[in-house]
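Participant: compute the structure for the input listed below.
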Amino acid sequence: MITIYHAPNSRSLRVLWLMEELGEDYRLETVTFPVPPEYLAVNPAGCVPAISDDGIAMFESIAILQYLTGRLLVAGDAQAAALTVGPRPDPAAYAEHLQFLHFGESDLTVPVGVLYNARRRGAPDHPVLQFVRERLAKRLAFLDDHLADEREWVTGEHFTIADISLGYALFLVGHSGIDVELPGKVAAYWRRLQERPAWQRAKAR
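Facilitator: So this is what the prediction gives:
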């Protein structure tokens, strides 16, 4: 059974969400900060999430999403194939999937985290932060334009781990309390994501 090292409201929510979508059992270990010394044996970087899977230890939430679905693809799991646009996807569809899978972290979650930490440390008006805020607004506008064709999920009709990546970023916008408003299509997309039972179960852990 996979062990997930989790801190409430952190990127580990992505991993819990995926496991709930898959309906796969897992063991949850809650991590507090600062992390205890023994946790560094699991993840020397000292951050969450991390997982342990029969002796395989890894961290980085997006990498974990790809690992957890990839190991099931090898076994021919149909649900994992749907969640990853696989196993033999059209190259253009796979490229779009990968683009948004990583867009959720690098283009959305990272700038939200910068703005949140600046607000928490009492330095929300630093000139660099205006650039970060403007960049985030442009990325959200891009996502809004992408969703303008009324697609249900980011790559079309099927929910994938790219939606999990983006969903956590959109959750963080509201949770962090930063002064950023979601555009209309993005806000509607986030409401759809929150209606998924797997998200609700993961968030309740």
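
Participant: pLDDT below threshold where in this protein?
Facilitator: 123-124 (pLDDT under 70).

Participant: what residues go with each domain of it?
Facilitator: Here the domain assignment for the chain is 2-83, 91-197, based on automatic domain parsing.

Participant: those domains into TSV, with extra columns for distance to Ala204?
Facilitator: For the C-beta atoms, the positions are set from N, CA and C on the backbone; glycine is no exception. As requested, the domains of the chain are exported to TSV (distance: least, Cβ to Cβ, whole Å):
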stretch	distance to Ala204
domain 2-83	10
domain 91-197	11
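
Participant: of all these, which lies closest to Lys203?
Facilitator: Lys203 lies closest, by Cβ to Cβ, to one member of the domains of the chain: domain 2-83, at 6.8 Å.

Participant: and the gap between the residue nearest the centre of the chain and Asp107?
Facilitator: Nearest to the mean C-alpha position of the chain, by Cα atoms, centre = their mean, lies Ser165 at 2.9 Å. To Asp107, Ser165 is 10 Å away according to Cβ to Cβ, to the nearest Å.

Participant: again with Leu18
Facilitator: Counting by Cβ to Cβ, the gap from Leu18 to Asp107 is 20 Å.

Participant: run the chain-centre distance for stretch 28-48.
Facilitator: Put simply, stretch 28-48 sits 19 Å off its chain's centre (Cα atoms, centre = their mean, to the nearest Å).

Participant: show me what counts as buried in that stretch.
Facilitator: Applying a neighbour-count criterion of 16 or more other Cβ atoms under 10 Å, one finds Val31, Val35, Tyr39, Val42, Asn43, Gly46, Cys47, Val48 buried in stretch 28-48.

Participant: so what's the nearest residue to the fourth one once chain neighbours are set aside bridging to?
Facilitator: Spatially, and ignoring its direct neighbours in sequence, Val42 is nearest to Ala50 (5.2 Å; Cβ to Cβ, 6 or more residues apart in numbering). According to DSSP bridges, Tyr5, Phe59 are recorded as the beta-bridge partners of Ala50.

Participant: surely Ala50 is in contact with Ile56?
Facilitator: No. Between Ala50 and Ile56 there is no contact under Cβ atoms under 8 Å: 11.0 Å.

Participant: looking at these two, which one has more neighbours?
Facilitator: Taking neighbours as other Cβ atoms under 10 Å, Ala50 and Ile56 compare with Ala50 leading, 26 against 10.

Participant: ok, that one - contacts?
Facilitator: With contacts defined as Cβ atoms under 8 Å, 6 or more residues apart in numbering, the neighbours of Ala50 are Ile4, Tyr5, Val42, Asn43, Ala57, Met58, Phe59.

Participant: what's the closest non-adjacent residue to Asp192?
Facilitator: One thing to correct before we go on: residue 192 is Arg, not Asp. Computed as Cβ to Cβ, 6+ apart, the closest residue to Arg192 that is not its neighbour in sequence is Glu152, at 6.7 Å.
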